[in-house]
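Engineer: structure of the sequence below:
(4 chains)
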4 protein chains.
Amino acid sequence: MVRKRWGFIKDPLYGYVAITPLEKNIIDTRVVQRLRRLRQLAGAEFVYPGANHTRFEHSLGAMHLAGLMAENITQDEIEIQSLRLAALLHDIGHGPFSHIFEEILAKSGRNHEDITTWLVQKSELADILRDGGLDPNDLSQLAIGKWEKKGRLYLNQVIRSSVDVDKLDYIVRDSFHTGAEYGSVDVFRIIYTTEPFQGNLAVNTTALTTLEAFLIARVLSFRSIYYHRVCRGVQRMLADALRFADEELGFSDFTKPADYIQMDDYNTWVRLKQCAKSRPIMERLERRELLKCAYTVESIVQDHPTIDLLDKESVRKQIEKEIALKAKVDPEDVHLDSPLLPSVPYRHSSQLDPMEIPGFAYVGKKKLAVNLIELSRVISSLKGYLDIIRVYTTAPLRKRVGKAAQEILGGTPYVSGISM
Amino acid sequence: MVRKRWGFIKDPLYGYVAITPLEKNIIDTRVVQRLRRLRQLAGAEFVYPGANHTRFEHSLGAMHLAGLMAENITQDEIEIQSLRLAALLHDIGHGPFSHIFEEILAKSGRNHEDITTWLVQKSELADILRDGGLDPNDLSQLAIGKWEKKGRLYLNQVIRSSVDVDKLDYIVRDSFHTGAEYGSVDVFRIIYTTEPFQGNLAVNTTALTTLEAFLIARVLSFRSIYYHRVCRGVQRMLADALRFADEELGFSDFTKPADYIQMDDYNTWVRLKQCAKSRPIMERLERRELLKCAYTVESIVQDHPTIDLLDKESVRKQIEKEIALKAKVDPEDVHLDSPLLPSVPYRHSSQLDPMEIPGFAYVGKKKLAVNLIELSRVISSLKGYLDIIRVYTTAPLRKRVGKAAQEILGGTPYVSGISM
Amino acid sequence: MVRKRWGFIKDPLYGYVAITPLEKNIIDTRVVQRLRRLRQLAGAEFVYPGANHTRFEHSLGAMHLAGLMAENITQDEIEIQSLRLAALLHDIGHGPFSHIFEEILAKSGRNHEDITTWLVQKSELADILRDGGLDPNDLSQLAIGKWEKKGRLYLNQVIRSSVDVDKLDYIVRDSFHTGAEYGSVDVFRIIYTTEPFQGNLAVNTTALTTLEAFLIARVLSFRSIYYHRVCRGVQRMLADALRFADEELGFSDFTKPADYIQMDDYNTWVRLKQCAKSRPIMERLERRELLKCAYTVESIVQDHPTIDLLDKESVRKQIEKEIALKAKVDPEDVHLDSPLLPSVPYRHSSQLDPMEIPGFAYVGKKKLAVNLIELSRVISSLKGYLDIIRVYTTAPLRKRVGKAAQEILGGTPYVSGISM
Amino acid sequence: MVRKRWGFIKDPLYGYVAITPLEKNIIDTRVVQRLRRLRQLAGAEFVYPGANHTRFEHSLGAMHLAGLMAENITQDEIEIQSLRLAALLHDIGHGPFSHIFEEILAKSGRNHEDITTWLVQKSELADILRDGGLDPNDLSQLAIGKWEKKGRLYLNQVIRSSVDVDKLDYIVRDSFHTGAEYGSVDVFRIIYTTEPFQGNLAVNTTALTTLEAFLIARVLSFRSIYYHRVCRGVQRMLADALRFADEELGFSDFTKPADYIQMDDYNTWVRLKQCAKSRPIMERLERRELLKCAYTVESIVQDHPTIDLLDKESVRKQIEKEIALKAKVDPEDVHLDSPLLPSVPYRHSSQLDPMEIPGFAYVGKKKLAVNLIELSRVISSLKGYLDIIRVYTTAPLRKRVGKAAQEILGGTPYVSGISM
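Structural biologist: The predicted model follows:
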């Protein structure tokens, strides 16, 4: 199998992205075209008006980077084509408003990666892949970075690791569209210096500065975009709307691919406006009457707590109730938000400690293994988990709820108490 | 009235856009927030995956440029604030899929500018403007560039002229998001060299090269984005879907602002999928099964034809029928598309000949009037109307229909017979 | 011969430019390294402070584009390597201040292309090329676009034609460093759509819009950078300084490559300051006391005049004298400048009419020849020669000389009488 | 004094920079125009071919940012004009090759800041400033951030502090021209959130993420540009050439401003080529035969060592001798390089601890003081001094010297042992 060029797609970041006939066929399916109606950053547009890009263009970008990385590590045309397609398909399992929908999926014990695998195997994609000489099962695993190919486990890390093409693309792309300017990273240098070593994708230490820039850009992007105070407020509202409407609309009642892929941002927005329970939230969103952050504490915790109390719905509810009681407001008006994020990216592979990023260095002609997190003081300072606790409420109650939250939760008295 | 700074909005093109408290209040209305769900370039994303920007961010950008231009021509704070708001509101009358919806509006004898005026006067905007010390009627006229203020007619030209802030913003913004690279124009030079002269906004001849670059960028953008073969095909499909569904869905049956502004790209897309007559088209769009261009001729006509035959529905239908007959296909499968566009932008003002762009030049300390189109050979070469005739059909019929169209309509035999 | 990657060079425009070991050896010669001390746009920095880029980085950029274009038209590794090296070396013959030095070279009947050929053949480059398996004579011809290789004449056009890599690089690069914003051109699209056809490099008509954008960007760059009023004034001063000092410094007395390449911008600037005749000019440049443009007329002449009067030194001198007489100033203070430039780029090849740019179009699977200038109204409007006549003088005499020049030469009374 | 607009200068980073008539007069002096012939990053062009920008455009950029920052903190037009001019002049004291010349200046107990003060007071600048209504003595102090104006000490910090306009400009500008991509920093956000508080310029904690991005970009730029292995090698060669030639050429024998400002990169390069002792080095530079790094260790030291051994010439010489002995090479061929740099920028003001960056936060309407380094884990991880020890030698000796250096100095065996 030799890759042929079907044509080019123009990307505002990379210029011309060449695609093969097989890719063209995969792209023109409903499963992939649906990504045009899934925004990359649901909620962020309320802070960054330019952030209207979708998972469709991100997936094309990831495919492009996967091709460059693949060409750097293998000459096997089938592997290169597979990696490109895996990157193209890695996000197809996302539901409306992307990560916000995860909570709905969780009800039936699934996440968006399970859906990705399912869609590759059970939708029209399977036949097209088979016609193109590829195994849908293998590819469905590679698309989520879990292909059990002996001796080739590192291929998964192109799709899912600390330096995977998903992150390399979205950091730069989100920066471009938001204008947030944290994401100017020399991703090509990382790609050109990454190769398999001792079973893992490893980065040459000569690119350490670039890698640091990338990991820092990622943390800064989390704080200024993904976990931005206002963006999280919007996401919180959307999550509530989904939750309130779920009983009536049955978001998780899908059984066939066709059912699932008919859900996108467009029709979910419309349905949430039609459902009596979620309509008030959507109407507030439509006039930008957002939840206000009344209290926030951000910190890095070195170790992931064995028991994450705030992760439990019941505990959160209880704290909200206490704050409401002290502030003398309706508990419905107090919203506790507490995302927990590993600040150095997810585990590189299931074989590695989550805080390990494999690197290598040449001594003469000998290649030595190096753990990049240990080597870099900047990276190891990022190590740990970014822990943010916020309390949201409506604009008129902001002051009262803020005061009550501070009395109960403690912390610095000013809003921007960021401490990473 | 002195403008105060409420805060900043981050724009990917201009960086920080400062806004006043009054602007903040206007922006956070449903009328303006709705622009978040109206794409700037409906259809273009099928060619340029990055082109997902909306009329919301474009309107903010136009407001920003209007402020810069206003500060250059007046020191009257009320005029500056009015011009900024007029630019912010200039697009609120657009319907779903923007220009595509114009055909529906035309049924009741209106266009999107009529709607803009109506919305400023009759929606919540009127009260907010009044509270801010501005007259909603005046502003509703200024927003479409038709404020009859004696001695200040040139203010309209900030909003509507050959160098208005609408065009200055969209040329650059559309280029940024598509990646099409035709729109790198030094808009700030045009703004800094524009001032009222003899009753019109006029451009200093020292900026002639920049003005030429801008007008050419506009023509190139038309050809490569707005009137791109594939983009027009998508717009054609959306227009058909709207037309087919109108009877059932009654798009033009709105009587109150609230009715109108509930229509946006999101819910119109969803409704078109629900309506039996338009569903097949939407399903084709959702798997990118687009109309194919079987025939195209582009030319510049120097003078607008007094009778534009192809502008008549009945004539178009007749030609489609004849092509179908010759090609032996169903007339439903032949679509004639024939936009007619003045290639040098619309008239600068109602007092001027449509092909006049006023300029001035200093001779010593004396200011002389100059007609920039006459001065510039490049601009005058663009003068006229870009006339494109295309025939679309389905992929399998492309060859047959193309051959028939050429026999009936003539023209060069190859698709890219561009002749500007 | 298979190209190997020696490493990467980081370019601010193209990112990583991969180079081969042979290229590395050529780059690290004195002949090529000297280009670091030849500015790309001598004089332009007095208008655009950022315009300090050199012929060194431009040559690397041209090499990179030559590689992309070569890969698109041939699979012969030797041809690809030769074209890359030819582009790398195409500018090595330039003297100090680039085009300004041409007048000095002309005294001995040579131009910078003759020097390029001579340097490739007679310097250290010859041995390195031979060691790399290439013929220095062939390459010295290819470097100026005049390699007489039967059946491969189109290879020259990669280096020298309307769409050669020299122009493709400098239009974009000069725009980047000046900030002039006329040069945002999708050069990659031109490269990917260019291929040999009927013996010439021809551009697919599908890229016509991009080609128009490129040709227009070139004209606009000429007017706003290369022939900018102030830039030409500086160049005029440098040319005078060279001329005045030549007798004493003997710029054209070089006989060996080593003599020639020791001349660069740095030491020529220093020597011109040391020589009594040129020192006053250099001192004025060092405090930015520039010649002022007192009169300017720009026009397009459709046909190159058979006798170009102003091209004759004696005629120019005579006109300067008459203006001086009428203005009652010293003739030494009147400087007539009259560059004549074909506005559509130089002839595509010696086999073609200078105004022909070969294109092709597909009709079905048949490839038809098309003359792109005829096809495009914009391009044909540019056709002809940009004719600029300017009179420079010192600041205090500006008004008097301007008035006298206008009486003698006629023309519009205002400075920016541009008429393209 | 009200600032008037003389005109605009086009900057590739900021677009149009408006300047006043007084600024125009200052810019057009020999003292400032000379900055056109002082490269911003002497040596870096050997790694980044695009890095040919000069102190001239950097100074204009710093002036522009100073104006924005000044307008944010004061309404006093004289202060604003003074700060703009101080920024414009802050670099005029630099000698050829900028920081490399510092060693020569040190011989007479001066540094480039002393020269800056001297030039403002003693050159033509003094009269022009006086004519413009400003005190040359005050401005000469403000230009180096040491104006003893009671109650206005924070004005100095616009010019010299952790967030001064010098650093804000060069981080972004150096990134632009090198293409190194570490310097995309939202400098405008820092400017808009900086204001005087408790006697110092302080940054609002709401901009903490941006400040972190800026400080990190600075460290990354140091490692990848300013202290890049190869760039330092070139600087080392230039420093040697200056040192070897000083006796003959008498670089420090200047007594009048005119003597000093006649020294620039151009004529120093030429003179170093003429002097027998430095010529061999310059000839090697002209064919890019650079010193090679045979050994490198980089580390952060938390506290500045009270005695910095390697800072002593005699100690360095001794170590070089020992390495040479062990490697069996001529000591002249061993070059120890050991710059010591505070990784968080220089002290914010003489009143503050070097590691303190003042910030403030609002609690309700109350403004609280915050030490930003303490608040930010990322910044405090950078705290300390970047300590790099490198040994350079010629290419053929690289291996032997590297081995000897490692035996004597210890450290990781691979070149890129970066540990920040």
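
Engineer: where does the stretch 151-300 of chain A dip in pLDDT?
Structural biologist: A:183, A:299-300 (pLDDT under 70).

Engineer: quick check, the residue in it closest to chain C?
Structural biologist: A:F188 (5.7 Å; C-beta to the nearest C-beta). All C-beta spots, glycine's among them, are computed from the backbone N, C-alpha and C.

Engineer: that residue and C:G15 touch, don't they?
Structural biologist: Yes - judged on C-beta atoms under 8 Å, A:F188 makes contact with C:G15 at a distance of 5.7 Å.

Engineer: higher neighbour count, these two?
Structural biologist: Neighbour totals were compared for A:F188 and C:G15, and A:F188 leads with 19 against 16 (other C-beta atoms under 10 Å in any protein chain shown).

Engineer: report the contact partners of the more buried one.
Structural biologist: A:68, C:15-16 (C-beta atoms under 8 Å, 6 or more residues apart in numbering or on different chains).

Engineer: could those go into JSON lines alongside distance to chain D?
Structural biologist: What follows is the contacts of A:F188, written out as JSON lines (distance: C-beta to the nearest C-beta, whole Å):
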{"residue": "A:L68", "distance to chain D": "16"}
{"residue": "C:G15", "distance to chain D": "7"}
{"residue": "C:Y16", "distance to chain D": "9"}
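
Engineer: could you dump these into JSON lines with secondary structure and pLDDT added?
Structural biologist: Listed next are these as JSON lines, based on DSSP: H, G, I helix; E, B strand; the rest coil; pLDDT from 0 to 100:
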{"residue": "A:L68", "secondary structure": "helix", "pLDDT": "96"}
{"residue": "C:G15", "secondary structure": "strand", "pLDDT": "92"}
{"residue": "C:Y16", "secondary structure": "strand", "pLDDT": "92"}
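
Engineer: of those residues, which is the nearest to D:S161?
Structural biologist: C:G15 (34.0 Å; C-beta to C-beta).

Engineer: for the stretch 101-250 of chain A, give the residue positioned nearest to chain B.
Structural biologist: A:G179 (3.6 Å).

Engineer: residues near that residue, how many?
Structural biologist: With other C-beta under 10 Å as criterion, A:G179 counts 19.

Engineer: quick check: phi and psi at the closest residue to it other than its chain neighbours.
Structural biologist: Nearest residue to A:G179, sequence neighbours excluded (C-beta to C-beta, 6 or more residues apart in numbering or on different chains): B:P12, at 3.6 Å. Per-residue torsions, B:P12: phi -70, psi -20 (degrees, to the nearest 10).

Engineer: hang on, isn't B:P12 packed against A:D174?
Structural biologist: No - at 10.8 Å, B:P12 does not count as touching A:D174 under the criterion of C-beta under 8 Å.

Engineer: can you pull the pLDDT of the residue of chain A most remote from its centre?
Structural biologist: What lies farthest from the middle of chain A is A:G364; by C-alpha atoms, centre = their mean that is 39.4 Å. At A:G364, the model reports a pLDDT of 73.

Engineer: rewinding a little: read off the pLDDT value for the residue nearest to A:G179.
Structural biologist: On pLDDT, B:P12 comes in at 93.

Engineer: how about the helices in the stretch 151-300 of chain A?
Structural biologist: Using DSSP state H, counting those that start in this stretch, the helices found in the stretch 151-300 of chain A span residues A:154-159, A:165-178, A:187-192, A:208-221, A:229-249, A:257-261, A:265-274, A:279-286.

Engineer: does chain D have contacts with the fourth one?
Structural biologist: Yes - when contact is scored as C-beta under 8 Å from any C-beta of the partner chain, part of helix A:208-221 falls within range of chain D: A:208-210, A:212-213, A:216, A:219-220.

Engineer: which residues of the stretch 1-150 of chain A lie near chain C?
Structural biologist: Near chain C, when you scan the stretch 1-150 of chain A using C-beta under 8 Å from any C-beta, you find A:8, A:15-16.

Engineer: closest to A:E313 out of those residues?
Structural biologist: Nearest to A:E313, judged by C-beta to C-beta, of these is A:G15 at 46.7 Å.

Engineer: the closest one and B:G50, how far apart?
Structural biologist: Separation of A:G15 from B:G50 (C-beta to C-beta, to the nearest Å): 11 Å.

Engineer: who touches both of these two?
Structural biologist: With C-beta under 8 Å, 6+ apart as the test, A:G15 and B:G50 both reach B:G179.

Engineer: need the contact list for the closest residue to A:A324 other than its chain neighbours.
Structural biologist: Once flanking residues are discounted, A:A324 sits nearest to A:P331: 4.0 Å by C-beta to C-beta, 6+ apart. By C-beta under 8 Å, 6+ apart, A:P331 lies in contact with A:320-321, A:324-325.
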